[in-house]
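Enquirer: sequence and predicted model, in that order:
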Amino acid sequence: MDKVKESPIRDDVKDDKWEVYIGVAISLFVVLLTVIILWLWKKHRPTRNGVLLLGLCDSGKTLLFARLLHDKFVSTYTSARENYGEATWNDQTVKVVDIPGHERLRGKFFDQYKNIAKSIIFVLDSVSIQKEVRDVAEFLYTVLSDSAISSTRPSVLILCNKQDVTMAKGSGVVKNLLEKEMNLVRVTKSSQLESTDDSASSNTFLGKAGKDFEFAHLQPLKVEFAESYVRKLNSEDDVDIESVEKWLAQVS
Ligand SMILES: Nc1nc2c(ncn2[C@@H]2O[C@H](COP(=O)(O)OP(=O)(O)OP(=O)(O)O)[C@@H](O)[C@H]2O)c(=O)[nH]1
């Protein structure tokens, strides 16, 4: 009887099959690993649904916070820590954080919450703005030039508060005052950076080099201005925060 000769190709075919199986298994493993890594990254990534209330001491942040969240007047004192609460605008639940204005505290709390900022309300006292313009501009410059802010670009509202007081400056005047002062602050900050050769600085240059500072030059970071009062001198329950509520509904 003739012996059936085994084809030498058979082993090669078997080997090829195994290679295909191993290839498919490796591909599946890589896909699965990618899905797991993406899922873990998404789970641990901070959700940007925060509204940060920033500004100097006594600008009215805590009163605004109480109005927005509880629709009531509260007696306030200089905040030593943040106030935190949740509110809903446009069917979106957002975290509202009132950051203390004190110079020694605001940096720490801003750093803690800046990564969740979807929007920032920078509250200022429109009565004392002329006197405080340097401090306001310096803090505002620090906030807007922070690398976390320039990369995530939250919507920014500069709220000219205390409009119930006759001496209060309107938002147009405040904007002009701030643009002039931001120009000076930018020169100081830039020369400070040059003299320290701080190449690791996390702050960005604001506006257009060689041109006077304008908020419009910060695009695509959008900075808007509005007016409000969260109480009247002799009437705690007379408020006007319509501009803020409209803006929040727009940006939430
Ligand atoms: N007339 C008037 N007074 C205001 C207004 N908003 C706040 N105030 C008063 O300003 C003072 C400071 O208000 P707060 O809300 O505590 O200020 P803040 O910005 O939270 O201050 P810090 O906690 O120190 O950062 C309080 O006496 C308020 O009653 C306003 O719109 N009009």
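Expert: The structure has been received and is ready for your questions. Numbering: from 1, shown residues only.
Enquirer: after the biggest helix by length in the chain, next one along is what?
Expert: Selection of the longest helix in the chain by residue count, based on DSSP state H, yields helix 9-44. Where DSSP states H and E defines the elements, the next helix or strand beyond helix 9-44 is strand 50-54.
Enquirer: that older thread, please state the offset of the longest helix of the chain from the chain centre?
Expert: Computed by Cα atoms, centre = their mean, to the nearest Å, the chain-centroid distance of helix 9-44 equals 41 Å.
Enquirer: cool, and stretch 213-227?
Expert: Averaged C-alpha coordinates place stretch 213-227 at 14 Å from its chain's average position (Cα atoms, centre = their mean).
Enquirer: which residues touch that stretch?
Expert: Applying Cβ atoms under 8 Å, 6 or more residues apart in numbering, the set of residues contacting stretch 213-227 from outside is 126, 144, 149-150, 153, 155-161, 163, 170-172, 174-175, 178-179, 182-183, 186, 206-208, 211, 240, 243-244, 247. Any C-beta I mention is one placed from the backbone N, CA and C, and that applies to glycine too.
Enquirer: the strands in the stretch 151-252 of the chain, which residues?
Expert: Secondary structure of the stretch 151-252 of the chain by DSSP state E, counting those that start in this stretch: the strands cover 155-161, 223-227.
Enquirer: what's the closest of the ones you listed to the ligand?
Expert: Distances from the ligand to each of the strands of the stretch 151-252 of the chain were compared using Cβ to the nearest ligand atom; the minimum, 4.9 Å, belongs to strand 155-161.
Enquirer: packing partners of that closest one?
Expert: In this structure, strand 155-161 makes packing contacts with strand 117-125, helix 129-144, helix 171-196, strand 223-227, helix 242-251, judged by 3 or more Cβ pairs under 8 Å, 6 or more residues apart in numbering; DSSP states H and E.
Enquirer: the same query, at a cut-off of 10 Å, please.
Expert: With contacts defined as 3 or more Cβ pairs under 10 Å, 6 or more residues apart in numbering; DSSP states H and E, the secondary structure elements packing on strand 155-161 are strand 50-54, helix 61-70, strand 117-125, helix 129-144, helix 171-196, strand 223-227, helix 242-251.
Enquirer: give me the sheet partners of it and which way each runs.
Expert: Strand 155-161 has the following strand partners under DSSP bridges: strand 117-125 (parallel), strand 223-227 (parallel).
Enquirer: please render the ones you listed as TSV that adds mean pLDDT, distance to Leu33 and mean neighbour count to the earlier fields.
Expert: Converted to TSV, the strands paired with strand 155-161 look like this (pLDDT from 0 to 100; distance: least, Cβ to Cβ, whole Å; neighbours: other Cβ atoms under 10 Å):
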stretch	mean pLDDT	distance to Leu33	mean neighbour count
strand 117-125	97	31	24
strand 223-227	98	42	19
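Enquirer: now do Ser145 against Lys118, distance only.
Expert: Between Ser145 and Lys118 the distance is 19 Å, computed by Cβ to Cβ, to the nearest Å.
Enquirer: ditto for Gln112
Expert: With the distance defined as Cβ to Cβ, Gln112 ends up 16 Å from Lys118.
Enquirer: rewinding a little: export the strands paired with strand 155-161 as JSON lines, with columns for distance to the ligand.
Expert: Putting the strands paired with strand 155-161 into JSON lines (distance: least, Cβ to the nearest ligand atom, whole Å) gives the following:
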{"stretch": "strand 117-125", "distance to the ligand": "6"}
{"stretch": "strand 223-227", "distance to the ligand": "10"}
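Enquirer: so for Ser190, which of the ones you listed sits nearest?
Expert: Minimum separation from Ser190 across those (Cβ to Cβ) falls at strand 223-227, 19.9 Å.
Enquirer: orientation of the closest one relative to helix 171-196 in degrees?
Expert: Between the axis of strand 223-227 and that of helix 171-196 there is an angle of 140 degrees, by axes from the mean of the first three to the mean of the last three Cα atoms, to 10 degrees.
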